[in-house]
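1. model the following, please.
(one chain, ligands or ions: 3)
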Amino acid sequence: MDLGETYQKDVSLRVSERRRLIAFWAGVSGLVINFFVCLVYTISGEASALLYAEVAVYAVFLSVIVWCAHSRYRVKEVFETSLLCVFAVFWGSTFVEGATGHTAAFDYPLVLFIPLFLVIMLDFKVLMSLAPVQAACVYFYTRNYAIESIGPNWTAADQSAYMIIMAAFSGFSFCALGIVSFARARADARMFDLVAEKEALASVDGLTGLMNRRSFMDNLRRLWTRQSKIEIAFIDLDHFKPLNDQYGHAIGDFVLCTIADRIAEVPGVMASARLGGDEFAVVLNTCAEAGAADKILADIHHAITADIHCEAGLLTLGASVGYASGVTLKQSLASMLRSADAAMRRAKSSRLGWVKFDPSVDNAALVSSTLEFELKAAIKNGQIKAAVQPIANAKTRQVVAYELLTRWTDSGFERDPSPKDFIPVAEKLGLLNDILWVTLDEALTHMQFDEQKLAVNVSPAQLLASDFLSSLEKVLARHGVSPSSITLEITEEVAFRNVDRNVAVLKEARALGMSIALDDFGTGYSSLSMLDTLPLDKLKIDQSFVRKSHQSEQSKSILLAAIRLAKQLGLQSCVEGIESREVAARVAVFGADTIQGYWIGRPQLVIHKVNELKAAS
Ligand code: C2E
Ligand code: MG
Ligand code: MG
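-> Ligands and ions are numbered 1, 2, ... in the order given. As a prediction, this is how the structure comes out:
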């Protein structure tokens with residue numbers, strides 16, 4: 001991928017596009033003028049058969065110009081040839097008129113100036129060749145005119161002088177146009193050279209001379225539309241920053257330049273770029289040979305990690321190289337870039353030198369980085385939706401509450417990410433409260449929570465936000481919902497960091513009337529002292545207990561013990577993961593207060609739930 005060539009191509013494309021537009025509009029304007037001239041002659045009754053024939057021929061040539069410009073077919077050749085033909089027809093018909101005695105002072109300016117308009121867009125050489133033709137045409141037309149219209153007052157010498165002067169004047173006007181056209185073409189060429197030079201400079205990394213990020217991406221996008229498969233590698237130098245700090249920027253720059261030269265020279269590297277800092281990228285050309293990519297990647301890694309001799313002595317650097325290939329019809333450029341990035345990160349974290357993208361290993365990292373990228377937009381675009389799952393009284397099986405769960409709908413991924421995928425990502429990005437306000441607002445807008453309560457999941461990071469409770473109160477007040485209708489479901493992690501602060505917030509929430517439930521009890525460390533530390537009202541016993549209780553008597557006893565423990569601590573118990581009537585009956589016998597699970601009801605989008613409730617009532 002030669003940059004100079006690329007930009008020259010770009011510039012010549014722009015020039016031909018400009019010519020195409022000029023041809024198109026010149027053709028259209030010509031057709032309009034042709035039509036009106038014909039109309040005026042027809043209305044004034046001066047139209048002759050010759051005029052109609054002439055107008056028809058012009059219309060054909062002008063239409064050809066417009067059609068070819070529109071369909072980008074040989075615009076330059078068609079435009080020039082058609083204009084020359086129109087020029088020839090004009091003179092042909094003018095001579096016929098002259099020879100048949102139709103010359104007039106009124107027509108005279110037409111023969112001088114109309115040809116000028118016809119040839120104005122032609123290039124220098126054509127104009128110079130036409131100058132004598134025009135001079136000759138004007139000379140002979142002037143002779144007809146002189147014989148017919150000026151009469152005997154002029155001597156033959158006067159007439160000759162007049163014919164020569166007019167012919168010379170007209171021929172010269174073509175030469176003048178030619179000179180203008182020549183000057184314009186040169187100015188254009190110079191301007192395009194300057195633009196190409198400026199763009200080439202803006203696309204090159206000033207230090208290494210490789211492509212910079214912008215031009216690398218431009219070229220990649222271009223290649224993506226032309227090739228069926230593209231292979232790239234991202235390269236990140238290891239420990240470059242300490243080297244830069246230790247030896248100074250001059251040595252750092254020297255190292256980067258050396259590495260850039262070495263990367264560019266590796267056989268099979270089709271294009272190379274410095275994306276910034278100590279990051280490089282290459283496009284590979286493996287010619288579809290088996291094992292060729294491995295060899296090129298190993299060569300790149302070897303070229304970078306080979307000794308570098310410089311003023312500071314002998315230096316060696318490590319590098320992490322991540323490779324990915326993309327089939328342009330089947331995937332997006334962005335997904336290939338993310339794959340190469342994920343592979344490069346794996347190469348870095350496992351110190352593997354170079355690795356190829358492997359979906360079975362890299363997909364987790366890829367999913368998380370993709371989700372990070374998309375989640376914010378999803379919240380803004382309304383793809384994050386509220387779902388509710390019923391919680392029922394264990395004995396009467398009446399629904400006493402709903403748990404608010406989040407769903408990512410219409411995500412555009414192959415399958416919509418589940419909360420287990422995106423909740424940790426949202427937590428990392430500090431977006432959990434944004435999600436809560438969106439889903440809570442949706443649930444409170446569409447459903448009533450008086451008799452039935454609403455349980456919301458709250459992670460420790462959410463609790464720590466200084467405005468958590470006040471914002472929650474505001475949302476509730478806006479919907480006229482009492483805080484006593486709300487249960488906060490927290491996990492054991494609340495007790496691991498900032499315990500005092502978390503406990504204070506939970507106590508404040510309780511003081512406002514909310515209940516606190518410990519979610520997924522039994523999955524974490526579940527120390528009994530924690531039950532004492534946290535201000536709790538409810539224990540939600542994790543579904544894993546129910547699942548295991550089928551398997552052994554011992555597990556059944558543990559489930560029973562957990563329910564009893566809640567009772568002894570004065571807490572309500574809720575058993576999660578109830579998937580059948582038998583299990584529901586068993587936990588009711590064990591003394592559970594409430595149950596939750598697919599048998600009672602699966603989580604349902606609030607919008608669907610509302611329709612179901614409406615249909616039932
Ligand atoms: P969780 O709070 O324990 O929610 C219950 C999870 O168990 C839900 O998964 C629910 O679909 C699933 N479940 C309920 N009944 C059954 C059953 O009978 N069988 C089985 N196999 N599963 C059942 P989901 O919706 O995928 O949520 C997973 C976790 O993600 C939740 O666990 C909760 O900790 C978290 N989460 C979901 N939405 C939010 C949210 O908006 N904010 C926060 N902070 N966390 C959320
Ligand atoms: Mg929960
Ligand atoms: Mg749970």
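
2. host element of the closest residue to residue 108 other than its chain neighbours?
-> Counting by Cβ to Cβ, 6 or more residues apart in numbering, residue 145 is the residue found nearest to residue 108 once chain neighbours are left out, at 6.5 Å. Just so you know, the C-beta spots here come from the backbone N, C-alpha and C atoms, and that holds for glycine as well. Counting by DSSP states H and E, the element that carries residue 145 is helix 124-145.

3. and for the residue nearest to residue 108, the neighbour number?
-> By other Cβ atoms under 10 Å, the residues close to residue 145 number 22.

4. kindly report the same for residue 36.
-> Residues lying near residue 36 (other Cβ under 10 Å) number 10.

5. related to what we said a few turns ago, the residue nearest to residue 108 contacts residue 106, correct?
-> No. Between residue 145 and residue 106 there is no contact under Cβ atoms under 8 Å: 11.1 Å.

6. so, low pLDDT: which residues of the stretch 151-300 of the chain?
-> Applying pLDDT under 70 to the stretch 151-300 of the chain flags residues 151-152.

7. name the nearest residue to the residue of it found nearest ligand 1, ignoring sequence neighbours.
-> Closest residue of the stretch 151-300 of the chain to ligand 1, Cβ to the nearest ligand atom: residue 234 (33.0 Å). Once flanking residues are discounted, residue 234 sits nearest to residue 344: 4.2 Å by Cβ to Cβ, 6+ apart.

8. quick check: buried residues in the helix or strand harbouring that neighbour?
-> If you go by DSSP H and E, residue 344 is part of helix 333-349. Residues of helix 333-349 classed as buried by neighbour count (16 or more other Cβ atoms under 10 Å): 333, 336-348.

9. ok, what's across the strand from the residue in the stretch 351-500 of the chain that ligand 3 sits nearest to?
-> The nearest approach of the stretch 351-500 of the chain to ligand 3 comes at residue 489, 6.9 Å away (Cβ to the ion). Beta-bridge partners for residue 489, by DSSP bridges, are residue 457, residue 517.

10. contact partners for it?
-> 403, 455, 456, 457, 458, 517, 518, 519, 540 (Cβ atoms under 8 Å, 6 or more residues apart in numbering).

11. quick check, nearest of the buried residues of helix 333-349 to ligand 3?
-> Using Cβ to the ion, residue 342 comes nearest to ligand 3 of these, at 30.8 Å.

12. show me which of the contacts of residue 489 are buried.
-> Restricting the contacts of residue 489 to buried positions leaves 403, 455, 456, 457, 458, 517, 518, 519, 540, with burial counted as 16+ other Cβ under 10 Å.

13. the second one reaches residue 514, doesn't it?
-> No. With contact defined as Cβ under 8 Å, residue 455 and residue 514 do not form a contacting pair (10.1 Å).

14. so what sits against both of those two?
-> Common neighbours of residue 455 and residue 514 (criterion: Cβ under 8 Å, 6+ apart): 486, 487, 488.

15. what residues are up against residue 335?
-> So residue 335 contacts residue 326 (Cβ under 8 Å, 6+ apart).

16. which of the buried ones among the contacts of residue 489 are close to ligand 3?
-> Among the buried ones among the contacts of residue 489, proximity to ligand 3 is found for residue 519 (Cβ under 5 Å from the ion).

17. okay, the buried ones among the contacts of residue 489 in JSON lines with pLDDT and distance to ligand 1 next?
-> Formatted as JSON lines, those follow (pLDDT from 0 to 100; distance: Cβ to the nearest ligand atom, whole Å):
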{"residue": "403", "pLDDT": "98", "distance to ligand 1": "6"}
{"residue": "455", "pLDDT": "98", "distance to ligand 1": "8"}
{"residue": "456", "pLDDT": "98", "distance to ligand 1": "7"}
{"residue": "457", "pLDDT": "97", "distance to ligand 1": "4"}
{"residue": "458", "pLDDT": "96", "distance to ligand 1": "6"}
{"residue": "517", "pLDDT": "96", "distance to ligand 1": "9"}
{"residue": "518", "pLDDT": "94", "distance to ligand 1": "11"}
{"residue": "519", "pLDDT": "93", "distance to ligand 1": "5"}
{"residue": "540", "pLDDT": "95", "distance to ligand 1": "7"}
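
18. as CSV, could you dump the C-alpha coordinates of stretch 388-401?
-> This file holds the C-alpha atoms of stretch 388-401, laid out as CSV (Å, rounded to 0.1, in the frame of the first residue of the first chain):
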residue,chain,number,x,y,z
VAL,A,388,-40.0,-8.4,37.1
GLN,A,389,-40.1,-11.8,38.6
PRO,A,390,-42.8,-12.7,41.2
ILE,A,391,-42.0,-13.8,44.7
ALA,A,392,-44.8,-15.7,46.4
ASN,A,393,-46.0,-16.7,49.9
ALA,A,394,-44.7,-20.3,50.3
LYS,A,395,-48.0,-21.5,51.7
THR,A,396,-50.7,-19.6,49.9
ARG,A,397,-48.6,-19.2,46.7
GLN,A,398,-50.0,-15.7,46.4
VAL,A,399,-47.6,-13.2,44.8
VAL,A,400,-46.4,-10.9,47.6
ALA,A,401,-43.6,-9.1,45.8
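
19. any idea how far the residue nearest to residue 108 lies from ligand 3?
-> 103 Å (Cβ to the ion, to the nearest Å).

20. show me which residues of the stretch 501-617 of the chain sit near ligand 2.
-> Residues of the stretch 501-617 of the chain found near ligand 2 (Cβ under 5 Å from the ion) are residue 519.

21. quick check: residues of the stretch 501-617 of the chain near ligand 3?
-> When proximity is defined by Cβ under 5 Å from the ion, the stretch 501-617 of the chain lies next to ligand 3 at 519, 520.

22. run the last query once more with 8 Å
-> Within the stretch 501-617 of the chain, the residues that sit near ligand 3 (Cβ under 8 Å from the ion) are 519, 520, 540, 542, 543, 576, 596.

23. whichever of the residues you listed end up buried, select them in PyMOL.
-> To isolate the buried ones among these in PyMOL, judged by 16+ other Cβ under 10 Å, type:
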select buried, resi 519+520+540+542+543+576+596
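
24. which of the residues of the stretch 501-617 of the chain next to ligand 3 fall within strands?
-> The strands, defined by DSSP state E, take in 519, 520, 540, 596 from these.

25. so which of these comes closest to residue 281?
-> Nearest to residue 281, judged by Cβ to Cβ, of these is residue 520 at 43.3 Å.

26. show the contacting residues for that closest one.
-> Residues in contact with residue 520 (Cβ under 8 Å, 6+ apart) are 491, 492, 540, 542, 576.

27. state the distance from the fourth one to ligand 1.
-> I take that to be residue 542. 7 Å (Cβ to the nearest ligand atom, to the nearest Å).

28. just to revisit the earlier point, could I get the buried residues of helix 333-349 as CSV with distance to ligand 1 and pLDDT?
-> Converted to CSV, the buried residues of helix 333-349 look like this (distance: Cβ to the nearest ligand atom, whole Å; pLDDT from 0 to 100):
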residue, distance to ligand 1, pLDDT
333, 32, 88
336, 30, 90
337, 30, 91
338, 25, 87
339, 27, 90
340, 31, 93
341, 27, 91
342, 24, 89
343, 29, 93
344, 31, 94
345, 26, 90
346, 27, 92
347, 32, 93
348, 30, 91
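
29. for these, give me TSV that also has distance to residue 71.
-> Formatted as TSV, the buried residues of helix 333-349 follow (distance: Cβ to Cβ, whole Å):
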residue	distance to residue 71
333	30
336	34
337	36
338	39
339	40
340	40
341	42
342	45
343	45
344	46
345	49
346	50
347	50
348	52
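
30. what does this protein have sitting close to ligand 2?
-> So the chain meets ligand 2 at 403, 405, 455, 457, 489, 517, 519, 520, 540, 576 (Cβ under 8 Å from the ion).

31. noted, bye for now.
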